[in-house]
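Asker: Build me a model from this:
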Amino acid sequence: MTLDDNWFTEPCDEAGSAFSLRIRRRLHQEQSPYQRIEVYDTTHFGNLMVIDGFIMLSSRDNFLYHEMMSHPALYSHEAPRRVAIIGGGDCGTLREVLRHPEVEQVTQIDIDERVTRVSERFFPELCESNDDPRARLLFIDGIRWMQQAPAASLDLVIVDSTDPIGPGEVLFSEAFYRACHDALAEGGILVQQSESPLLHGDILQRMYRDMGAAGFDHRRSLFFPQPVYPSGWWSATLARKGRPIDGFREQDAAERPFQTRYYNPEIHRAAFAAPSFFATLVGGTAADTGD
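Answerer: Here you go, the predicted structure:
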């Protein structure tokens, strides 16, 4: 991360590239017990949250990520009532999940409470559902919580995590996926952000392999734009317990009782259309290929 002439720049060393946003000023900076949290006022992307020098979200484009991390998985499940979110401290994914009236309980587990408190101050629109009676916010170790979750107690697990480096690396491991598999009921779905398919093929390969080794025979990725992340092209990978990821509640999605800015049934179908190189990228392990 560099600050120069009123620009915030995040380099992506593995791609020999960088992304910059013009800033007016820094709004907030603190060192939590876990990480450095900063918020900037940008000229064109609204507020920008940065953690340990890496862009987490902006006011302008976070809806892409939060909608695609939640609605495709929720509508791919026949009756998602019990949901866990690992990470997600900015609470944008929580807000999207709670827009579904069929959801009865959402437990969000993020180890760093300061991310949520900073979001409440600088991204209040993302936190508008934090007081929903169906929501439970825990600020503890999400990995340990998942390991201790009762068997078959969840319908959906959303891993809204940072990149697989440092403390976040274990969230991309076979052991963690096995804990998720045990906690999910039959037909339950795990969805995890899976980086850029253009730049981070090694991460996707490892995810498919480790999810399969953990008992998820059916894995499938979806793709969406994300301008503030490296390459501007992002993905999320779904893994299902015991049955294929081969359809969704299309009528319910079309008649959803809330507004979205990006997600709709057509986007749902299109997002799962994988580029030609993807089957080779994941080693031919993409078990589910049709809608």
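Asker: Of all residues in the protein, which one is nearest the centre?
Answerer: For the chain, the residue sitting closest to the mean C-alpha position, by C-alpha atoms, centre = their mean, is Asp160 at 3.5 Å.
Asker: pLDDT (mean, whole number) over the longest helix along the chain?
Answerer: Longest helix in the chain, counting residues (DSSP state H): helix 62-76. When pLDDT is averaged along helix 62-76, the result is 98.
Asker: Which residue is the nearest non-sequential neighbour of Tyr34?
Answerer: Closest residue to Tyr34 apart from its sequence neighbours, by C-beta to C-beta, 6 or more residues apart in numbering: Asp112 at 4.6 Å. Just so you know, the C-beta spots here come from the backbone N, C-alpha and C atoms, and that holds for glycine as well.
Asker: from memory the one you found sits against Gln31, does it?
Answerer: No - counting by C-beta atoms under 8 Å, Asp112 does not reach Gln31; the two are 11.2 Å apart.
Asker: neighbour count winner among those two?
Answerer: Taking neighbours as other C-beta atoms under 10 Å, Asp112 and Gln31 compare with Asp112 leading, 18 against 10.
Asker: Return the distance of that one relative to Phe223.
Answerer: Distance from Asp112 to Phe223, counting by C-beta to C-beta, to the nearest Å: 28 Å.
Asker: what sits up against the top strand by length along the chain?
Answerer: The residue-count maximum for a strand in the chain (DSSP state E) belongs to strand 17-31. Identification of contacts with strand 17-31 by C-beta atoms under 8 Å, 6 or more residues apart in numbering yields 3, 6-12, 36-45, 47-48, 55, 58, 114, 118, 121-122, 228-231.
Asker: List buried residues within these.
Answerer: Those of these that meet the buried threshold are 8, 10, 12, 37-42, 45, 47-48, 55, 58, 114, 118, 122, 228-231, by 16 or more other C-beta atoms under 10 Å.
Asker: Who are the contact partners of the residue nearest to the centre of the chain?
Answerer: Met69, Ile85, Ile86, Gly87, Gly88, Thr93, Gln193.
Asker: if we can go back for a sec, any idea how far the residue nearest to Tyr34 lies from Glu96?
Answerer: Distance, Asp112 to Glu96, using C-beta to C-beta: 21 Å.
Asker: returning to that earlier point: for the longest strand of the chain, which strands pair with it and how are they oriented?
Answerer: With DSSP bridges as the test, strand 17-31 is paired with strand 7-12 (antiparallel), strand 36-42 (antiparallel).
Asker: Out of the ones you listed, which gets nearest to Arg240?
Answerer: Among the strands paired with strand 17-31, strand 7-12 comes nearest to Arg240, with 31.2 Å by C-beta to C-beta.
Asker: Now the closest one: average pLDDT?
Answerer: On average, strand 7-12 scores 95.
Asker: Please save the CA atoms from it in PDB.
Answerer: The C-alpha trace of strand 7-12 is given here as PDB (Å, rounded to 0.1, in the frame of the first residue of the first chain):
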ATOM      1  CA  TRP A   7      -3.800   8.500  -4.300                       C
ATOM      2  CA  PHE A   8      -4.300   5.200  -2.400                       C
ATOM      3  CA  THR A   9      -2.500   2.400  -4.300                       C
ATOM      4  CA  GLU A  10      -2.700  -1.300  -3.600                       C
ATOM      5  CA  PRO A  11      -0.100  -3.300  -5.500                       C
ATOM      6  CA  CYS A  12      -0.700  -6.900  -6.600                       C
END
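Asker: Angles on the backbone of the spatially closest residue to Arg240 that is not a sequence neighbour, please.
Answerer: Nearest residue to Arg240, sequence neighbours excluded (C-beta to C-beta, 6+ apart): His218, at 4.5 Å. Torsion angles at His218 (phi, psi; degrees, to the nearest 10) stand at phi -120, psi 120.
Asker: Share the number of residues neighbouring His218, please.
Answerer: 19.
Asker: Can you tell me what sits against stretch 136-154?
Answerer: 82-84, 86-87, 94, 105-113, 116, 130, 157, 170-171, 176, 179-180, 182-186, 188.
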